[in-house]
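*Asks:* sequence and predicted structure, then a few things I'm wondering about:
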Amino acid sequence: MGRWYWRRAYALTALALAAALPAGALAAGCGAKSATPNTKELILATTTSVKDSGLLDQVVLPAFKAAHPGISVKTIAVGSGEAIAMGRRGDADVLVVHSPKDEEAFMAAGDGTLRLPIAYNYFTIVGPKSDPAGVAKAAGAADAFKAIADKGATFISRGDKSGTDTKELNLWNLAGLTADPKGEPPGSWYVKSGQGMGETLQIASEKQGYTLTDVATYLSMKHDLQLVPLLKESPDLKNQYDVVIVSQLKHATANAAGAELLAAYLTSPEGQAAIGAYGLDTYGQALFFPDANTLGATAK
């Protein structure tokens, strides 16, 4: 990509950023403390599902490095909950996460300056091919979860406050198994791994249990698993990913300039095309569906 493209992408992101902030807020934030950002390093806190799928290492980071060789990206893959907590503490410059309600709270508290959609895929419920709970016959995810609980079939939960974990707990609530959307269902059949998506899938495979996973991570690992997708692309399983820029107003050392450049790439036509093509050659299907809108129109 030429210099003209990146100047334009940066300018568009800056316009969106300005629209998301009160007049003069960014300048005030930069001058509020003597500390200055390290513009040569960009700390990206991201959900493990994006990392485990290979999208970052195989697509996003190589393209970003080629365009900005002077910026070193340090990736920290954790659950969305921890990634958002890192942003709140100022321990990350930019987030790629999939926990909409937590993201909304992050933005409402002024911890982020810009939140843009970049792609979506679907969660799916995977389990043993024998499907003892009859998940494949369920009308939707909540019905499938109720069937698993009624059967007392082994279910492996991440239990790590990630975006996937938050989605799972909400589905147990919708299924009538918990009174609290953040509560866990009772029973010895419900097992928490406390691990990321890849490790949780491996445990579910070993125990021949069910689990909730994003499609991208499952497809990237399916040849090593004794699990099959049993319920997919149900409306209640849509999985939205956003890029969020951490507020330099709150954290003077935040590398906002680098974060804006990464957001510009992820939402650019080139970045969106690369995201949409990922998986076609290797898995025969796209792992993510790009859904960024025009920069400047999606500030939240």
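*Replies:* Good, I have the coordinates.

*Asks:* pretty sure residue 247 contacts residue 109?
*Replies:* No - using Cβ atoms under 8 Å, residue 247 is not in contact with residue 109, being 9.3 Å away. Every residue, glycine included, has its C-beta placed from N, CA and C.

*Asks:* adjacent strands (with direction) for the longest strand seen in the chain?
*Replies:* Taking DSSP state E as the criterion, the chain has its longest strand at strand 112-127. Partners of strand 112-127 in the sheet, by DSSP bridges, are strand 211-214 (antiparallel), strand 228-232 (antiparallel), strand 238-246 (antiparallel), strand 289-290 (antiparallel).

*Asks:* which among the ones you listed is found nearest to residue 60?
*Replies:* strand 238-246 (10.2 Å; Cβ to Cβ).

*Asks:* how much distance is there from that closest one to the middle of the chain?
*Replies:* In terms of Cα atoms, centre = their mean, to the nearest Å, the centre of strand 238-246 is found 6 Å from the chain centre.

*Asks:* picking that back up, how about the longest strand of the chain: buried residues?
*Replies:* 112-119, 121-127 (16 or more other Cβ atoms under 10 Å).

*Asks:* lowest average confidence, helix or strand, in the chain?
*Replies:* Within the chain, confidence by mean pLDDT, DSSP states H and E is lowest for helix 25-31 among all helices and strands, at a mean of 37.

*Asks:* pass me the low-pLDDT residue ranges in the stretch 151-300 of the chain, would you?
*Replies:* Residue ranges of the stretch 151-300 of the chain with pLDDT under 70: 293-300.

*Asks:* element containing the closest residue to residue 181 other than its chain neighbours, please.
*Replies:* Once flanking residues are discounted, residue 181 sits nearest to residue 173: 4.4 Å by Cβ to Cβ, 6 or more residues apart in numbering. Following DSSP states H and E, one finds residue 173 within helix 163-174.

*Asks:* off-centre distance for the next helix or strand after that helix?
*Replies:* Once the chain leaves helix 163-174, the next helix or strand it forms, by DSSP H and E, is strand 190-192. Counting by Cα atoms, centre = their mean, strand 190-192 is centred 22 Å from the centre of its parent chain.
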